[in-house]
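In: here is my input, please return the structure:
(chains A and B)
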Amino acid sequence: MNDRDEVARTLDAIWRMEGARIIAAVTRIVRDIGKAEEIAGDALVAAMEQWPNEGTPDNPAAWLTSTAKHRAIDLVRREVNYESKQAELSHLTPSATSDQPALDEIDAEVSGEVSDDLLRLIFVACHPVLTEEGRVALTLRLLGGLTTGEIAQAYLVAETTIAQRIVRAKRKLAYAQVPFEIPAPSELVERLDSVLEVLYLIFNEGYSASTGVDWVRPTLCAEALRLGRILAELQPGQSEVHGLVALMELQSSRLRARVSAAGKPVRLLEQNRATWDQLLIRRGLTAIERAEALDAAPGPYLLQARIAACHAVAIDPDTTNWVRIVALYEVLLYVQPSPIVELNRIVAVAMAFGAQGALPMCEELVRSDELTGYYLLHAVRGDLLEKLDRKSEAHDEFVRAAELTANAQEKEMLQARAKEQRN
Amino acid sequence: MRVMVLVKADDRTEAGQLPNEAELTAMGQYNEELVKAGIMITGDGLHPSSKGARVRFGGGKRAVIDGPFAEAKELVAGYWIWEVKSLDEAVEWLKRAPFPTDGDSYEVEIRQVFEAEDFGEAYTTELRDSENRMRETIASQHG
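Out: Numbering: from 1, shown residues only, chains lettered A, B, ... in the order given. Below is the predicted model of the structure:
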């Protein structure tokens, strides 16, 4: 006799492992992810009812998948029958066999390739017709197997808010009649960009957030990374997929070094590199190699990964190849022009060639007005001025930066640096 | 959560016998499944203990003991490191591993790897930054 709790735990684990694939397989039959999710949920309920009495099947994942698929086919049959009956009534013509082609089609489709279904589901969940919030919520729910409550906790919003986002996203997909398909080659790159963007958003939320709930940060980072790794196996020919995976692996390698024992943020150059996760660094470097083996022009994720790799392989800030980092930022600026990237480049220039040359670039960025009100612009300028021993100007910049940041810890650190200039 | 899955040695692995082709194929497929699921961090097989050594600390000395070592069942012959959500998930994955169920009983062990969160609150309280995406871009040098 099987214990109910044990069944619940097993189901939870199986759902985590197979949920996305089950939803994907069912979606291909019913053509609606909302319905597919309900049907998959029904299969879970059925398991919860049957397994404690009849014992957990040898292959629980297969049981769930086939139960869900059968329910899906039943649903489609009912709809087909209903439609043909409607047709009979309206046209008064008997059509006993009219639903046969539709059913044949279903049977043919059910035996299709599972991994293709998963890929289709990823593309649909990250479809550009959806809002950014909708894509993120749907991806975590359908592909990450997170509950609405878990997503709400991660994003520090009410559970009803997330539930609404998911409902709206599903409705939008149905309304826009988004097909359950892998995008055509002509739109693949654009659609893939949308998927990568969603994964990186989730990752960054976990990487930089984390008020309160302990598991939030690692869970979101781990989830984004897991989905990235899955995508890398589904789309091995896409350089930017490996680029993003590499970037996430390398950034994850520093997760535990980013906060001090007192809970304060630790800047990259001051981190204890002995605590960097060498396993993830190795995986990051391997992912970069996979991307580079593809012989495509490097995209923004791969370039950022290469920059992250420069840090990952250096034993300390002094031995970091800053000249290479400057060069990589220059390519990144070309591929994806942005004042933030320019600011990063300026910091690297100061490290590679000294503050003297970097300061005029920083002044130019200030004049361009593109980052007005951004505290890091002032923090960087203050840093350069400090290096050039222009203490009173540096002081003013740190004070300005401290005023501009909303972050209490950051503010404290900048105020301390301002104070140092007075000594 | 990160786990290490420890595959124990037996007389065959200690004799340096390699798996046969069918076993290799089955294990290859299993590993591929783990990679496709995004949970496989790393994994390797180990040479028999005859190619290993131990250093014994004690009695004010460090003594070197060359392999092989007795008690094959106490030795490790290979390992995986997986990233999973729960121990239950690791158990479900391990159940799918292609180890024979018809011969002598044989145990494979799952152990949790210590992570930053396990060391207390200090590691997990971190600030939330409203400009987190901008911040991250610049973090490569500054933050």
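
In: is the helix or strand containing residue A:206 positioned near chain B?
Out: In this structure, residue A:206 is located in helix A:185-208 according to DSSP states H and E. Yes - applying Cβ under 8 Å from any Cβ of the partner chain, one finds that helix A:185-208 is in contact with chain B at A:201, A:204-205, A:207-208. To be clear about C-beta, it is placed using only N, CA and C from the backbone, and glycine gets the same treatment.

In: rounded mean pLDDT for that helix, please.
Out: Mean per-residue pLDDT for helix A:185-208: 90.

In: who touches the longest helix anywhere in chain B?
Out: Identified as the longest helix of chain B according to DSSP state H is helix B:21-36. Around helix B:21-36, the neighbours that count as contacts under Cβ atoms under 8 Å, 6 or more residues apart in numbering or on different chains are A:115, A:229-230, A:233-234, B:18-19, B:40, B:43, B:80, B:82, B:93, B:96-98.

In: can you say which of the residues you listed are buried?
Out: The neighbour-count test (16 or more other Cβ atoms under 10 Å in any protein chain shown) applied to these identifies A:229-230, A:234, B:40, B:43, B:80, B:82, B:93, B:97 as buried.

In: need the max-distance pair from those.
Out: Greatest spatial distance among the buried ones among the contacts of helix B:21-36 (Cβ to Cβ): A:234 and B:97, at 23.0 Å.

In: you'd agree residue A:127 is in a helix?
Out: No - counting by DSSP: H, G, I helix; E, B strand; the rest coil, residue A:127 is not found in a helix; it is coil.

In: show me where chain B has strands.
Out: B:2-8, B:40-45, B:53-58, B:61-66, B:76-83, B:108-112 (DSSP state E).

In: including distance to chain A and mean pLDDT, could the ones you listed go into a markdown table?
Out: Shown next, in a markdown table, are these (distance: least, Cβ to the nearest Cβ, whole Å; pLDDT from 0 to 100):
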| stretch | distance to chain A | mean pLDDT |
| --- | --- | --- |
| strand B:2-8 | 9 | 96 |
| strand B:40-45 | 6 | 94 |
| strand B:53-58 | 22 | 95 |
| strand B:61-66 | 24 | 94 |
| strand B:76-83 | 6 | 96 |
| strand B:108-112 | 12 | 97 |
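
In: distance to residue A:250 for the ones you listed - can I get that in JSON lines?
Out: Listed next are those as JSON lines, based on distance: least, Cβ to Cβ, whole Å:
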{"stretch": "strand B:2-8", "distance to residue A:250": "17"}
{"stretch": "strand B:40-45", "distance to residue A:250": "14"}
{"stretch": "strand B:53-58", "distance to residue A:250": "34"}
{"stretch": "strand B:61-66", "distance to residue A:250": "37"}
{"stretch": "strand B:76-83", "distance to residue A:250": "16"}
{"stretch": "strand B:108-112", "distance to residue A:250": "24"}
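
In: and of those strands, who's closest to residue A:174?
Out: strand B:76-83 (34.2 Å).

In: quick one, the closest one and strand B:108-112 angle?
Out: 40 degrees (axes from the mean of the first three to the mean of the last three Cα atoms, to 10 degrees).

In: so where's chain B uncertain?
Out: Residue ranges of chain B with pLDDT under 70: B:116-143.

In: domain assignment for it?
Out: Chain B is divided into the following domains under automatic domain parsing: B:2-112, B:119-143.

In: gap between the first one and the chain center?
Out: What that stands for is domain B:2-112. From the chain centre to the centre of domain B:2-112 is a distance of 7 Å (Cα atoms, centre = their mean, to the nearest Å).

In: against chain B, how distant is residue A:385?
Out: 15 Å (Cβ to the nearest Cβ, to the nearest Å).

In: need the contact list for that residue.
Out: Counting by Cβ under 8 Å, 6+ apart, residue A:385 has contacts A:355, A:359, A:391, A:393-394, A:397.

In: would you confirm that residue A:377 contacts residue A:340?
Out: No - using Cβ atoms under 8 Å, residue A:377 is not in contact with residue A:340, being 9.4 Å away.

In: looking at the two, which has the bigger crowd around it?
Out: Using other Cβ atoms under 10 Å in any protein chain shown, the more surrounded residue of residue A:377 and residue A:340 is residue A:377, with 24 against 19.

In: grab the nearest non-local neighbour of the more buried one.
Out: residue A:371 (4.4 Å; Cβ to Cβ, 6 or more residues apart in numbering or on different chains).

In: surely the one you found forms part of a helix?
Out: No - going by three-state DSSP, the assignment for residue A:371 is coil, not a helix.

In: could you report the neighbour count for residue A:5?
Out: Neighbours of residue A:5 (other Cβ under 10 Å): 9.

In: with residue A:159 instead?
Out: 14.

In: not counting sequence-adjacent ones, nearest residue to it?
Out: residue A:152 (4.2 Å).

In: after the strand or helix carrying residue A:23, heading C-terminal, what element do we hit next?
Out: Assigned by DSSP H and E, residue A:23 falls within helix A:4-30. Once the chain leaves helix A:4-30, the next helix or strand it forms, by DSSP H and E, is helix A:33-54.

In: run through who's touching that next one.
Out: Against helix A:33-54 from outside (Cβ under 8 Å, 6+ apart): A:1-4, A:7-8, A:10-11, A:15, A:19, A:22-24, A:26-27, A:29-30, A:57, A:60, A:63-64, A:67-68, A:71-72, A:75, A:121, A:124-125, A:138, A:142, A:170-171, A:173-174, A:180.

In: keep only those residues that also lie close to chain B.
Out: Subset of the contacts of helix A:33-54 in contact with chain B: A:10, A:60, counting by Cβ under 8 Å from any Cβ.

In: residues touching residue A:288, list them.
Out: By Cβ under 8 Å, 6+ apart, the contact set of residue A:288 is A:242-243, A:246, A:302, A:305-306, A:309.

In: those residues in helices, which ones?
Out: Filtering these for helices - DSSP H - leaves A:242-243, A:246, A:302, A:305-306, A:309.

In: turn those into a markdown table, including pLDDT and neighbour count.
Out: Shown next, in a markdown table, are these (pLDDT from 0 to 100; neighbours: other Cβ atoms under 10 Å in any protein chain shown):
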| residue | pLDDT | neighbour count |
| --- | --- | --- |
| A:242 | 98 | 28 |
| A:243 | 98 | 28 |
| A:246 | 98 | 30 |
| A:302 | 97 | 28 |
| A:305 | 97 | 29 |
| A:306 | 97 | 24 |
| A:309 | 97 | 23 |
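
In: need those in CSV (columns: distance to residue B:29).
Out: Formatted as CSV, the ones in helices among the contacts of residue A:288 follow (distance: Cβ to Cβ, whole Å):
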residue, distance to residue B:29
A:242, 23
A:243, 28
A:246, 26
A:302, 30
A:305, 30
A:306, 33
A:309, 32
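
In: give me the pLDDT for whatever residue of the stretch 1-150 of chain A ends up closest to chain B.
Out: Here the stretch 1-150 of chain A gets closest to chain B at one residue, residue A:13, 3.9 Å apart by Cβ to the nearest Cβ. If you check residue A:13, the pLDDT there is 92.

In: residues of the stretch 251-400 of chain A that sit close to chain B?
Out: Near chain B, when you scan the stretch 251-400 of chain A using Cβ under 8 Å from any Cβ, you find A:251, A:255-256, A:258-263, A:265, A:267-269, A:279-280, A:282-283, A:304, A:307-308, A:311, A:325, A:338, A:340-341, A:343-344, A:347-348, A:351, A:374, A:376, A:379-380, A:383.
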